[in-house]
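In: Sharing a model that was predicted from the sequence below.
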Amino acid sequence: MPELPEVETVRAGLEPLVTGRTIRRVQVLHPRPVRRHQLGPRDFETTLSGRRFEVPRRRGKFLWFPLVDGDAVLTHLGMSGQFRVDTPETALLRNTRVLFDLDDGSQLRFVDQRMFGGLQLSTGGAELPTEMAHIAPDPFEPAFDLEQVAARMRRKRTTVKRALLDQTLVSGIGNIYADEALWLAGLHPERPTDRLTRPQAVGVLEAARTVMAEALEQGGTSFDELYVKVNGESGYFDRSLNAYGRDGLPCSRCGTTMVRSQFTNRSSHFCPSCQKPPRAVRPGGATATARRTGVRATGGGRLP
């Protein structure tokens, strides 16, 4: 799923192409991406026709298109959502779901293979859609208070990786950048948050901002064609990853073989030497709970 750097790359690519553009016509080619529009696809089309986009905005993994009248088109890319800008004459990509004909002759296209993403009209949502009220500021927003978030993290009774993925605590961080931030900060993903020192909590949040800023410079992380920029190009940060997907390879800091352990329905990738496990965690990465359930870490192989 695209994380903050990928969504911001899309937003920045769209900004000069859609800002100030009037929507001439909307065509919903498949109803699922607009499933949250209660009045249905045809109403979605007619409701947006004739309205004008302002500068696209983002918080965490969410992107929205403010309209000059105060409403907004809120979107989530899900697992495979993409925005492309082409001419109407350009052949549609497979899995193109929604088309916006703009007044300069261009066409904004929402493409989504798996259709976990979607678009919806947010009434009065130009500044911040109410549907996102529960989403915390991300590390690049002026409203993000590093010390306050670190203090809240330390008060939680969870593990540091789960805290980083909690979008109500800090938004925009997903599995890839959580693993990268933890590696940079030298923290094991299973370290309990209530055992973090203040410098450790601040440090891992700063590390998350650092790795995401570096990813932004390279256009985000692309492993396949499901994430591309608005011109169809891939991001290149996967070539700079130090943790995610590197199980079985030497740690770029100390040379120890990186390992992968099961984490919910995903995986964690870390160095067992640089990222010392807490006492309740074996060097391979399994917690006491995992030992009881038979979950174990692996030292080789790639993610499927």
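Out: Yes, it's here.

In: Verify the stated contact: Trp64 with Thr75.
Out: Yes. Taking contacts as CB atoms under 8 Å, Trp64 lies within contact range of Thr75: 6.5 Å. Bear in mind the C-beta positions are built from the backbone N, C-alpha and C, glycine included.

In: which regions of this protein sit below the pLDDT cut-off?
Out: Counting by pLDDT under 70, the low-confidence segments of the chain come to 1, 220-239, 280-304.

In: Do a quick rundown of the helices in it.
Out: Using DSSP state H, the helices assigned to the chain run over residues 4-18, 41-48, 146-155, 160-165, 175-185, 198-217, 288-293.

In: so which of these gets nearest Asp138?
Out: Evaluated over those, closeness to Asp138 peaks at helix 4-18, with 5.8 Å, by CB to CB.

In: The closest one vs helix 198-217, what angle?
Out: 40 degrees (axes from the mean of the first three to the mean of the last three CA atoms, to 10 degrees).

In: Tell me where the protein has strands.
Out: Secondary structure of the chain by DSSP state E: the strands cover 23-28, 57-59, 62-66, 72-76, 81-86, 96-102, 107-112, 118-122, 259-263, 266-270.

In: returning to that earlier point: looking at the helices of the chain, which is buried most?
Out: Of all the helices of the chain, helix 175-185 carries the top mean neighbour count, a mean of 26, counting by mean count of other CB atoms under 10 Å.

In: Which strands and helices lie in contact with that one?
Out: helix 160-165, helix 198-217, strand 266-270 (3 or more CB pairs under 8 Å, 6 or more residues apart in numbering; DSSP states H and E).

In: Of those, which is nearest Val111?
Out: helix 198-217 (22.0 Å).

In: related to what we said a few turns ago, may I see the helices and strands packed on helix 175-185 arranged in TSV, with distance to Ile23 as well?
Out: TSV is the format used below for the helices and strands packed on helix 175-185 (distance: least, CB to CB, whole Å):
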stretch	distance to Ile23
helix 160-165	35
helix 198-217	28
strand 266-270	37
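
In: any chance of the helices of the chain in TSV, with distance to Cys254 too?
Out: As requested, the helices of the chain are arranged in TSV below (distance: least, CB to CB, whole Å):
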stretch	distance to Cys254
helix 4-18	26
helix 41-48	53
helix 146-155	26
helix 160-165	20
helix 175-185	11
helix 198-217	17
helix 288-293	24
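
In: so who does the residue lying closest to Phe65 once chain neighbours are set aside touch?
Out: Spatially, and ignoring its direct neighbours in sequence, Phe65 is nearest to Val73 (4.3 Å; CB to CB, 6 or more residues apart in numbering). Contact analysis of Val73 by CB atoms under 8 Å, 6 or more residues apart in numbering lists Leu48, Trp64, Phe65, Leu67, Leu119, Gln120, Leu121, Ser122.

In: which among these gets closest to Gln113?
Out: Closest to Gln113 out of those is Leu119 (15.5 Å), distances taken as CB to CB.

In: Any buried residues in stretch 118-128, and which?
Out: Gly118, Leu119, Gln120, Leu121, Ser122, Gly125, Ala126, Leu128 (16 or more other CB atoms under 10 Å).

In: Pull the distance from stretch 49-56 to the chain's centre.
Out: Stretch 49-56 sits 24 Å away from the centroid of its parent chain (CA atoms, centre = their mean, to the nearest Å).

In: Report the buried residues of it.
Out: Buried positions in stretch 49-56, judged by neighbour count with 16+ other CB under 10 Å: Arg51, Arg52, Phe53, Glu54, Pro56.

In: would you turn those residues into a markdown table with distance to Ala150?
Out: A markdown table is the format used below for the buried residues of stretch 49-56 (distance: CB to CB, whole Å):
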| residue | distance to Ala150 |
| --- | --- |
| Arg51 | 41 |
| Arg52 | 41 |
| Phe53 | 37 |
| Glu54 | 34 |
| Pro56 | 30 |
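
In: what's the spacing between Arg209 and Arg155?
Out: 21 Å (CB to CB, to the nearest Å).

In: Sounds good, over and out.
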